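*Asks:* Got a predicted structure here, sequence first:
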Amino acid sequence: MNQHTRTSLFHGLLLPVVVIVFALAGGLVFAYGSNPNKDTVSSVAGEHWGWSDVAGWIDFPSTGSGKVYVGDLSLEGYASSGLGEIALDCQTAPGADCSPVYYVKNNKGGRLSGWAWNELFGWLSFCGTSVLSQATSGCPYASTTYQVIIDPQSGDFSQYAWNDIVGWVSFNSLNHSGSSTYKLVTLWRAQSPSGTIESVVFDTGIASGAQVNSLIWRGKKISGARIDFQIATDCATGGPLPNCTTWDFKGPSGGSGTVFPTTPNAPIRSVSSDQDEYVVPITRPEYFYNKRYIKYKMFLSTPTVNDPTPRVDQIFLNWSP
């Protein structure tokens, strides 16, 4: 039996939502209000506070003027303190002055960076070193000594922000000794990243149709990440083949609710020091008998947004007459 393999190339492919999210995370897009999956801070007593030895208690409101939100990309609103309001982004600050653009950035996983602003003491940095001039909106880097962190599952803030005048600003009493119990908590929760990619249409050139045998992909799989597939050989809407409006992608159940997983989880061989080869068996090939045109859909996901993403370099689609 003759077998045929077609190859499609994806150079340095990452999860499609992280790339889009990073593309959206720039100041220009943010300044126009893009901040998905946002929610307020807690209204529970003792769960909307920060502390500064100079500014005193810092109240992050969950309602009313200055209402504080945490989103996938940034913080919004402003807090009140003994030294006045602390604006978490320029767009929702009192006066909404975005010259220059500033905001407290979220990396989608609860690791914060960037700047807040107070009219008396100036910039409050959420990630950097103890020297304000070395703070950055692009943490982490090699010399980072502090960073405010939100637990992506509980919403609890921890660690410190820094200002050259007021010094450290704490977001959780667990960070230090003291008689008062307080913390800042948000209702926001991190979402697990995932994405899909659909291939071009592969024409086997066999008028009577072919049989799909397997998919093989090369790249680098990260522990905990999933790379799964579905196959389509018929139109769901539109047509005739191959001019479908939408394609009827199927998994091993014969429907769209299941996927063909990368099996086994370990690579079948190493191609190079930075590239492995994995197989995706098509365990129900009868769904794809005697079909001339073939497409695949690839599903990529990681357990949390803080996990590194897998890389897919090449995909081999194998069929036989």
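*Replies:* Noted; the coordinates are in hand.
*Asks:* hey, let's count contacts and neighbours off CA atoms from now on
*Replies:* Noted.
*Asks:* pLDDT-wise, which helix or strand of the protein ranks last?
*Replies:* The helix or strand of the chain with the poorest confidence is helix 16-24; it has a mean of 21 (mean pLDDT, DSSP states H and E).
*Asks:* Going by secondary structure, residue 116 is in what exactly?
*Replies:* Secondary-structure assignment from DSSP states H and E places residue 116 in strand 112-118.
*Asks:* May I have that strand as PDB, with CA atoms only?
*Replies:* C-alpha atoms of strand 112-118 as PDB (Å, rounded to 0.1, in the frame of the first residue of the first chain):
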ATOM      1  CA  LEU A 112       2.100  43.000  37.900                       C
ATOM      2  CA  SER A 113       4.500  45.700  36.600                       C
ATOM      3  CA  GLY A 114       4.300  49.300  35.500                       C
ATOM      4  CA  TRP A 115       3.300  52.400  37.400                       C
ATOM      5  CA  ALA A 116       0.600  54.100  39.500                       C
ATOM      6  CA  TRP A 117       0.600  57.800  40.100                       C
ATOM      7  CA  ASN A 118       0.000  60.100  43.100                       C
END
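*Asks:* domain ranges for this structure?
*Replies:* For the chain, the structural domains run 4-16+192-320, 38-175, going by automatic domain parsing.
*Asks:* Reformat these as JSON lines; add distance to residue 183 and mean neighbour count.
*Replies:* Shown next, in JSON lines, are these (distance: least, Cα to Cα, whole Å; neighbours: other Cα atoms under 10 Å):
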{"stretch": "domain 4-16+192-320", "distance to residue 183": "23", "mean neighbour count": "17"}
{"stretch": "domain 38-175", "distance to residue 183": "4", "mean neighbour count": "20"}
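*Asks:* Is it possible to get CSV of the ones you listed that adds distance to residue 185?
*Replies:* Converted to CSV, the domains of the chain look like this (distance: least, Cα to Cα, whole Å):
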stretch, distance to residue 185
domain 4-16+192-320, 19
domain 38-175, 5
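*Asks:* surely residue 321 meets residue 207?
*Replies:* No - at 9.9 Å, residue 321 does not count as touching residue 207 under the criterion of Cα atoms under 8 Å.
*Asks:* where does residue 157 land on pLDDT?
*Replies:* As predicted, residue 157 sits at a pLDDT of 97.
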